[in-house]
Every structure is written in C-alpha cells, then in structure tokens.
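Engineer: I would like to see how this sequence folds:
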Amino acid sequence: MPAVSKGDGMRGLAVFISDIRNCKSKEAEIKRINKELANIRSKFKGDKALDGYSKKKYVCKLLFIFLLGHDIDFGHMEAVNLLSSNRYTEKQIGYLFISVLVNSNSELIRLINNAIKNDLASRNPTFMGLALHCIANVGSREMAEAFAGEIPKILVAGDTMDSVKQSAALCLLRLYRTSPDFVPMGDWTSRVVHLLNDQHLGVVTAATSLITTLAQKNPEEFKTSVSLAVSRLSRIVTSASTDLQDYTYYFVPAPWLSVKLLRLLQCYPPPEDAAVRGRLTECLETILNKAQEPPKSKKVQHSNAKNAVLFEAISLIIHHDSEPNLLVRACNQLGQFLQHRETNLRYLALESMCTLASSEFSHEAVKTHIETVINALKTERDVSVRQRAVDLLYAMCDRSNAQQIVAEMLNYLETADYSIREEIVLKVAILAEKYAVDYTWYVDTILNLIRIAGDYVSEEVWYRVIQIVINRDDVQGYAAKTVFEALQAPACHENLVKVGGYILGEFGNLIAGDPRSSPLIQFNLLHSKFHLCSVPTRALLLSTYIKFVNLFPEIKTTIQDVLRSDSQLKNADVELQQRAVEYLRLSTIASTDILATVLEEMPPFPERESSILAKLKKKKGPGTVTDLEEIKKERNSDVNGGTESTPVNASTVSTPSPSADLLGLGAAPLTSAAPPPSSTGSLLVDVFSDSASVVAPLAPGSEDNFARFVCKNNGVLFENQLLQIGLKSEFRQNLGRMFIFYGNKTSTQFLNFTPTLICSDELQSSLNLQTKPVDPTVDGGAQVQQVVNIECISDFMEAPILNIQFRYGGTFQNISVKLPITLNKFFQPTEMASQDFFQRWKQLSNPQQEMQNIFKAKHPMDTEITKAKIIGFGSALLEEVDPNPANFVGAGIIHTKTTQIGCLLRLEPNLQAQMYRLTLRTSKETVSQRLCELLSEQF
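Structural biologist: Predicted coordinates:
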C-alpha cells in the first residue's frame with residue numbers, strides 16, 4: 001500500500017493537534033475546538049472551491065475532533081467527495097471518515113455505494129483494497145445487500161491480485177457474519193475451496209477463515225475442502241522453518257494458518273478416504289512429535305506459537321475420537337503440561353483432559369494422572385486452575401477411583417474458594433450417588449458434606465439422600481444410627497437437623513433397641529436443636545414428633561406436653577401454630593390404628609432424573625449442547641458393572657427395585673412405543689403422531705458411527721451443523737436403557753421436533769422398545785433428553801432406525817440414523833479356566849455352531865486396544881487360556897427373555913500379514929453369524 005510522502009504531511013492538522021494537547025483545561029480545549037469547527041464550516045461554505053489537500057486536511061481535523069468525543073454534524077459530503085479523488089491519501093481519508101462517522105441510515109449511503117462500486121470495478125488493487133476495507137468496517141445489512149454478490153466474483157477471479165484476494169475473503173467473511181442471508185451460495189463456493197492450494201499463504205489464511213465459517217452452516221458445499229486442508233497442513237507441518245521464511249514465526253512455520261486449518265477440519269468427521277485419513281494422522285503425529293523436541297528458542301513467542309498448534313491438533317484428535325493411539329499420545333502430552341511452570345499451559349491441559357476423559361480410548365490414560373491432578377487441587381494458587389482440576393477429577397471418576405476422588409474433593413472443600421463451593425458440593429453429591437456400591441459410604445459422604453459445607457448444600461442434595469434412604473431397605477438402619485451420632489455434636493448445621501429429623505421420624509425405631517438411642521433420647525436430642533432452627537426446619541421437626549407418637553407410644557405424653565406449650569400453640573408463625581394444634585389433636589383423639597394408618601412409613605419415591613444432576617447442568621448453563629460431554633464421560637465398564645436398569649414393563653415402574661438406577665434417571669411411567677399394527681406391515685414406533693411422514697435415507701457417515709458404538713455405550717452418534725445426537729446406554733442381562741440427547745447447535749428454535757423409532761416386523765418380534773416423549777420445541781442452544789427402555793426377547797440381526805423430523809427456520813429437516821442396539825449389548829461376561837473353556841469349545845463343534853472370518857486389519861494391530869475392544873464388546877477376556885499368548889480368548893452369555901446363549905470367541909492376529917482370524921462358537925447359528933459380523937468390523 002503506498003506510503004504517505006512527506007509532501008502529503010498536513011501541517012495545519014499537526015498544529016491543531018499540538019494546540020489541543022497544550023490546553024490547560026477542559027474549557028480551553030472546547031474553546032479551541034469550537035474555533036476550529038467555525039473555521040472549517042466557513043471554509044466548506046465559502047465560494048472558493050477547496051482543493052483535495054484542503055478537503056483532506058479539514059476532514060482529518062473533523063475526524064480527530066470526533067475521536068475526542070465531540071459530535072460532528074457536517075463535513076460528510078466533503079468526505080464522500082474525497083472518494084472520487086485519484087490520489088491515494090485523499091481517498092484513504094475519505095474512506096476512513098465514512099467508516100467511522102457515517103451510519104447505515106445516512107442519506108449519503110447511495111453515493112458512497114456508487115463510489116465503492118467504481119473503485120471495485122477499477123481493477124486498481126490499491127483502490128479495491130480501500131473499498132473492501134470500508135465495506136468490512138461498516139458491515140451493515142445495506143452494504144451486504146449491495147456488495148455480497150460482487151465480492152465472491154472478485155475473490156475467485158483469475159486476474160485478482162493476492163492482496164485483494166485476502167481483503168475480499170475477509171470482507172466476505174465479515175458480511176456473512178453480520179448478514180448471512182445476503183451472501184448467496186453458488187458456483188463460487190467450489191472455486192473458493194481451491195484457494196487452499198494458492199501459492200500465497202496470506203490468501204490461504206484468509207480463505208481458510210472464510211471457508212471454516214461457511215462450512216459450519218453449509219458443510220456439504222465445502223466438504224471437498226477436507227482433502228485440500230489436509231494436503232496444505234501436511235506441507236506446512238513437514239516443512240523446515242526456512243522453507244516458509246515470510247510466514248515463519250519464531251521457528252514455527254505458519255502457526256496461524258496451521259491453527260485455522262485444524263479448526264476447519266473440526267467441522268467434519270474423520271475423512272472417509274483412507275489416503276487422506278492416513279496423511280492427516282501423519283500430520284497429527286508429526287505435531288505431537290515436534291512437541292517432544294527441545295525448543296529452538298527460549299523466547300516465549302516460540303513456545304506460544306508451538307503450543308497453539310499443538311492444542312488445536314489435540315482438539316482435532318478429540319473431535320474425531322477415532323484413533324486410539326493419537327488419543328493416548330495426546331493425553332500423555334497434556335500430562336506433561338500438568339506440571340509445567342506456565343499457569344496458562346496447566347489450565348489448558350486440564351481443560352483439554354476433561355474432554356479426553358470422555359473418550360472410550362483415552363479414559364484410562366487420563367486416570368493415570370490422578371495424583372498430579374489431586375496435587376494441583378492442593379497446591380495451585382490460581383483459583384481458575386483449581387476449578388479446572390475439580391472438573392477433571394469429576395470427568396475421570398469411575399467406579400474404580402470414586403472413593404479416592406470424593407475424599408480428595410471433600411478435603412479440598414474445607415479450604416475451597418467460596419465462589420466454587422456450591423459446584424463442588426453438587427459434584428461430590430453426584431459422584432457419591434452415581435458410584436456408590438456400598439450405600440453406607442454414600443450416607444457417610446453426604447453427612448460429611450453437610451458438616452463441611454452445610455451452607456452450600458442445596459435442598460436438592462438433602463432431598464436426594466432422603467429419597468435414596470427411603471428407597472433402600474438395606475441402608476435405613478445404618479442411616480438412622482449415623483445421623484443420630486452426627487446430631488450429638490454441639491454445633492450441627494441446620495441441613496443435618498433436617499436430614500436427621502426426617503430419617504429418625506421414619507426409621508428411628510430401627511435403633512431404639514439400643515439404650516444409648518432410646519426413643520426419649522432421640523426426641524430430646526432433636527428437640528435440643530429446635531429453638532436454633534428456622535421456621536421450615538421447626539415445621540419438619542414437629543412432623544417428626546407426631547411420627548414419634550406412632551413409633552414410640554411410651555413418649556407420647558412428653559411429646560404432647562411440647563405440642564401443648566404456649567410457644568407452640570400461640571406461635572406467631574401460623575404454619576407452626578397450625579401444625580402444633582392439629583398434631584396435638586390428632587395424638588389425643590385418634591386410636592392407635594388410625595394413628596398407624598395416618599402416620600405410616602413413607603412409600604418409596606418414584607425414580608426420576610436426579611435433581612442434583614439437573615441443578616449442576618443449570619449452574620453450568622441450562623440445556624447447552626456441551627452437556628453432551630458431561631453425559632459421554634461415564635465409561636462402558638461402569639455401566640455394565642453398575643446398577644440394574646428398570647424393567648421395561650411399565651407396570652413395574654411405580655415400585656423401584658432395591659437396585660434401581662442410582663442417578664434417578666430411571667423410568668417414570670412410559671409411553672409404549674408400539675402403536676397398533678398397520679397395514680404397511682412394519683412397526684412404526686412414533687411417540688408423537690398418528691401417521692408417519694416419509695423417512696429419510698440414512699445420513700452420510702451413520703454406518704461408521706454405528707460401528708464405533710458396537711464396543712462402547714456412550715458418545716456422539718450424529719452431528720451436523722444443526723443437530724448433535726448423543727447417547728448414553730446401560731444394559732444388564734436382557735434389559736437396557738438408552739438416553740438420547742438432542743442438542744440444538746443453532747440459535748434458532750426447532751419446531752415440531754419429532755424423533756421416531758422404526759423397526760421391521762422381524763425386529764419387532766425380537767426387540768421390545770418403549771420411549772418417553774420429548775418436547776416438540778427445542779430452543780436455540782438447548783438440549784432435550786429422550787429415554788428408550790429396551791427388552792431383548794430373542795436374538796436379532798438388524799438395528800432400529802432413529803428418524804428425526806423438525807422445522808428449522810421454515811425448512812423441513814429429515815434425518816435418519818441407525819440406533820446402536822446390537823445383540824452383543826446383552827452379553828454378560830463369563831470367567832472360565834483354560835480346561836473349562838476348551839471343554840466347552842469342543843462341545844460346540846457342529847459346523848452350524850461355528851462362524852469363522854479371516855480378514856485384513858483396518859486399524860493398527862495394538863494389543864491393548866484389541867483387549868479393550870473385546871471387553872467393550874461384552875465378553876470376558878480370558879487371560880492365559882490360549883496356548884499361544886498372542887491370541888485373544890473371550891467368553892460370555894447372551895441373555896434374551898426366552899433363552900440364554902453361551903458364546904466363546906477366539907481372535908488370532910498375524911502381525912506379519914496384518915490379518916486376523918476370528919472364530920465364534922455359540923449354541924445358535926444366527927447368533928454366531930451376527931456376533932462374527934459385528935466384531936470383525938472392529939479390527
């Protein structure tokens with residue numbers, strides 16, 4: 001761009017600025033400004049025509065005065081006149097004035113647009129650059145309407161100079177962000193993608209920013225950019241810093257472009273083309289390898305640029321969630337940053353590892369850093385880093401480490417910052433409930449939580465502990481004993497008094513046999529806290545007292561004396577007074593049988609979504625799509641080893657079993673998914689409408705996603721620019737429950753949102769599905785949940801189809817994906833000794849019982865990953881059973897409602913040939929065939 005020569009220096013402007021700076025007071029400054037405004041106004045209105053230099057000088061003075069905070073109500077026409085000048089400096093000042101002072105409603109906008117059009121058509125790169133900058137700076141809808149159709153032509157024209165292409169790409173990006181409806185998609189879209197191959201890296205950088213934004217809303221239009229982005233990234237990553245001298249920043253080649261390309265690739269799933277996918281994997285491995293190399297410079301700019309590329313590469317690895325080796329390597333690299341002296345790096349490492357913990361492949365690798373994270377929780381000085389450490393502990397928690405993590409969180413809670421205490425309390429309560437194998441530990445944990453941070457324990461937390469104690473007979477006596485002991489402390493938090501009052505009122509009789517906790521001692525202990533409590537807690541204690549009248553008739557007189565006292569019957573609070581009067585009257589006139597009926601033990605609570613979990617989501621941000629990441633983190637092994645799911649039969653829902661789902665995510669009465677048989681001969685599981693719409697074909701990539709869920713239960717099933725579908729499943733014997741999370745990624749409502757499950761006639765007879773309806777309106781950025789209860793009646797070959805139909809911005813959307821309900825989900829692992837295994841193997845020797853497949857390896861033949869996939873498939877992995885230690889052997893039982901089918905498998909890898917031989921033997925031919933098909937696709 002041409003520089004302003006000394007001859008163009010405006011001496012009058014310099015003098016004016018100097019005068020303003022030398023003013024001793026505000027009044028003097030205003031006086032000088034008013035004098036100058038009067039002078040400029042007279043010059044503009046004078047008979048003598050001003051030359052371009054004078055106009056430029058006076059317009060500059062007006063601009064300076066405006067920037068000082070004073071209103072300018074004239075000079076706009078003179079600025080517009082400067083646009084027609086052929087001198088660069090005059091045209092530049094005119095555009096600058098317009099960008100700052102002219103609003104979109106100005107009467108001059110038509111003149112301005114004409115001047116801009118003339119400059120765009122001039123083919124003078126300097127003038128075109130000024131015009132494009134002005135359009136981008138103003139960025140109004142009027143500008144978008146006038147030029148959105150012209151700028152793409154300039155961008156893809158063969159004779160456009162590189163500097164103009166850069167400006168055009170960024171200008172179009174600005175207009176698309178402000179007024180996307182005025183930027184038409186057309187032939188230029190396919191041509192703009194090829195700018196990723198441009199020789200000028202500045203053009204590539206600008207084009208990448210534009211394509212990334214456009215691809216988020218129109219992924220199909222720009223999917224060809226994936227291979228080009230990978231190709232360009234490969235060239236950058238493998239180049240030496242001297243190859244890209246103009247774009248090398250402190251020995252890091254083109255870091256900004258690398259980051260932008262990696263972000264562009266995050267708009268799409270992993271490339272389907274094996275060559276492109278392999279090249280991308282090489283790029284990511286190279287980036288990870290470079291992170292291990294010693295730094296080429298000690299300056300912070302070098303490490304910042306290098307780490308920016310590294311963290312973006314890790315984000316892409318996490319987004320694809322398909323390369324176990326890369327995920328584990330990324331986790332190990334982040335683990336090194338956890339102890340880095342730079343606080344920002346530690347923060348980013350903790351944040352990224354939270355997401356990695358949700359991956360099936362890297363969860364175990366994340367868990368190896370638990371001691372480092374706990375140490376960060378104890379020693380970090382920055383509260384934001386400590387908060388990320390809490391988030392990571394929450395994300396990496398599973399059944400194997402829950403007690404350790406909960407204990408560390410409780411220890412930290414005593415000294416935690418007040419701003420994050422409530423969130424930690426919620427997380428501790430959720431983890432204690434979710435992973436409680438021994439419910440005595442759960443009760444101890446919650447009471448400890450109330451003791452340490454009672455002020456931050458919300459009603460949802462103590463309500464939840466009451467629900468669980470009432471629903472579980474095996475913990476009621478222990479809970480009564482524990483709260484009784486806790487209440488003996490001289491100072492008790494009021495929430496503990498509430499829990500103690502409720503539990504002793506229901507189950508105090510279970511500990512009344514001990515002289516140390518006799519009925520009278522229980523009553524006196526609770527009543528000693530009565531006068532220190534608020535009105536709602538006193539009301540609860542009065543209800544406990546009347547419960548004691550029923551449980552312990554021997555202290556009836558003592559309780560009646562308390563109820564009869566003036567402090568109760570004449571209490572200023574009407575609620576307490578009413579309770580005292582009614583409870584006293586009830587205890588006086590009611591017979592023992594009536595009392596026993598009225599005051600009988602509370603029935604079990606119906607299982608429903610945990611209110612604690614709901615509160616945590618609300619605190620994080622209500623219904624955001626990122627909640628899917630919270631759901632994804634529960635591991636497959638935890639679910640299979642967890643509590644039993646509620647039976648599908650709706651008639652059993654009202655009485656939860658003792659092993660009901662801990663999270664309370666269970667079943668309220670469900671709507672049957674099966675409508676009356678129709679003449680079409682297919683089962684249409686439609687929860688919302690009487691008639692079915694046309695079902696769309698399967699979405700692109702859904703088959704690949706389906707295959708990924710064969711060996712895992714949680715994750716993102718489908719994602720496009722509008723919708724994200726996440727799954728969380730649990731299976732036990734022939735029953736299962738699946739939670740489907742629909743996330744609206746846009747800012748616009750989805751209307752008539754209708755998810756439908758579709759089963760063939762054959763599948764209908766083998767699989768019983770029941771669903772809960774969802775809200776037909778999904779707000780922008782919100783998420784809704786749907787529960788599917790599953791019962792396997794007999795073995796099956798197909799999978800149900802999930803069809804989602806909704807209206808977005810007036811456009812009808814129709815998406816279909818395969819729902820990953822496969823036969824192996826009903827596997828129960830079976831441990832067997834070597835002798836038993838081969839004895840059973842020989843018994844299943846009929847040709848119809850065996851299915852064998854020899855196939856080429858599709859993924860790297862890694863022993864640990866293979867083991868994880870076999871375990872994820874559902875069978876037990878039998879160690880030291882096969883004479884060849886390189887082989888993998890598994891055993892399990894497929895549970896259906898009608899029968900149980902024993903299954904044995906043997907996987908023999910051939911590293912030299914990069915092939916596998918998979919042999920499956922079961923007592924049923926169709927089961928062997930289906931399991932062999934499913935497992936072969938995993939290696």
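Engineer: Can you classify residue 752 by secondary structure?
Structural biologist: Classification of residue 752 by DSSP: H, G, I helix; E, B strand; the rest coil places it in strand.
Engineer: how many other residues sit next to it?
Structural biologist: 13 (other C-beta atoms under 10 Å). To be clear about C-beta, it is placed using only N, CA and C from the backbone, and glycine gets the same treatment.
Engineer: what does residue 697 give?
Structural biologist: 10.
Engineer: What about the closest residue to it other than its chain neighbours? Give its phi and psi, please.
Structural biologist: Spatial nearest neighbour of residue 697, chain neighbours left out: residue 816 (6.4 Å); criterion: C-beta to C-beta, 6 or more residues apart in numbering. Main-chain torsions, residue 816, degrees, to the nearest 10: phi -130, psi 140.
Engineer: do you know how far residue 816 is from residue 783?
Structural biologist: 20 Å (C-beta to C-beta, to the nearest Å).
Engineer: Then residue 100?
Structural biologist: Residue 100 is 42 Å from residue 783, by C-beta to C-beta.
Engineer: quick one: which of those two has more around it?
Structural biologist: With neighbours defined as other C-beta under 10 Å, residue 100 and residue 783 compare such that residue 783 has more, 22 against 14.
Engineer: what about residue 166, neighbour count?
Structural biologist: Neighbours of residue 166 (other C-beta under 10 Å): 22.
Engineer: secondary structure class for it?
Structural biologist: Three-state assignment for residue 166 (three-state DSSP): helix.
Engineer: Return the residues in contact with it.
Structural biologist: Applying C-beta atoms under 8 Å, 6 or more residues apart in numbering, we find residue 166 in contact with 200, 202, 203, 205, 206.
Engineer: For it, give its distance to residue 202.
Structural biologist: For residue 166 relative to residue 202 (C-beta to C-beta), the value is 5 Å.
Engineer: likewise residue 293?
Structural biologist: As defined by C-beta to C-beta, residue 293 lies at a distance of 28 Å from residue 202.
Engineer: Name the residue in those two with the higher neighbour count.
Structural biologist: Neighbour totals were compared for residue 293 and residue 202, and residue 202 leads with 16 against 8 (other C-beta under 10 Å).
Engineer: per-residue confidence for that one?
Structural biologist: pLDDT recorded at residue 202 is 90.
Engineer: can I assume it is in contact with residue 161?
Structural biologist: No: using C-beta atoms under 8 Å as the test, residue 202 is too far from residue 161 to be in contact (11.2 Å).
Engineer: Just the pLDDT for residue 123.
Structural biologist: Value for residue 123, per-residue pLDDT: 83.
Engineer: where does the closest residue to it other than its chain neighbours fall, phi/psi-wise?
Structural biologist: Counting by C-beta to C-beta, 6+ apart, residue 159 is the residue found nearest to residue 123 once chain neighbours are left out, at 7.7 Å. Main-chain torsions, residue 159, degrees, to the nearest 10: phi -100, psi 10.
Engineer: for residue 799, same thing?
Structural biologist: Dihedral angles (degrees, to the nearest 10) for residue 799: phi -130, psi 150.
Engineer: Helices along the stretch 751-900 of the chain, start to end?
Structural biologist: 761-766, 834-843, 863-873 (DSSP state H, counting those that start in this stretch).
Engineer: and of those helices, who's closest to residue 538?
Structural biologist: helix 863-873 (53.4 Å; C-beta to C-beta).
Engineer: Residue 469 reaches residue 476, doesn't it?
Structural biologist: Yes: contact criterion C-beta under 8 Å: residue 469 and residue 476 qualify, at 5.9 Å.
Engineer: Give the residues shared as contacts by those two.
Structural biologist: In contact with both residue 469 and residue 476: 503, 507, using C-beta under 8 Å, 6+ apart.
Engineer: quick one: which of those two has more around it?
Structural biologist: residue 469 (24 against 20).
Engineer: Let me know the helix or strand that that one is in.
Structural biologist: Residue 469 is part of helix 459-471 when elements are defined by DSSP states H and E.
Engineer: Give me the mean pLDDT for that helix.
Structural biologist: Rounded mean pLDDT across helix 459-471 is 85.
Engineer: And stretch 851-860, by the same measure?
Structural biologist: 85.
Engineer: That one: which residues count as buried?
Structural biologist: For stretch 851-860, the neighbour count (16 or more other C-beta atoms under 10 Å) marks residue 851 as buried.
Engineer: now stretch 113-127
Structural biologist: Quick answer for stretch 113-127 (16+ other C-beta under 10 Å): 113, 115, 116, 119, 120, 124, 125, 126, 127.
Engineer: Specify which member of the contacts of residue 166 is nearest to residue 145.
Structural biologist: Using C-beta to C-beta, the contacts of residue 166 come closest to residue 145 at residue 206, 22.8 Å.
Engineer: what's the closest non-adjacent residue to that closest one?
Structural biologist: Excluding its sequence neighbours, the residue lying closest to residue 206 (C-beta to C-beta, 6+ apart) is residue 169, at 3.8 Å.
Engineer: Tell me how many other residues crowd the one you found.
Structural biologist: Residue 169, neighbours per other C-beta under 10 Å, totals 27.
Engineer: quick one, phi psi at the closest residue to residue 894 other than its chain neighbours?
Structural biologist: Using C-beta to C-beta, 6+ apart and skipping the chain neighbours, the partner closest in space to residue 894 is residue 901 (4.3 Å). With angles defined as degrees, to the nearest 10, residue 901 shows backbone torsions of phi -120, psi 120.
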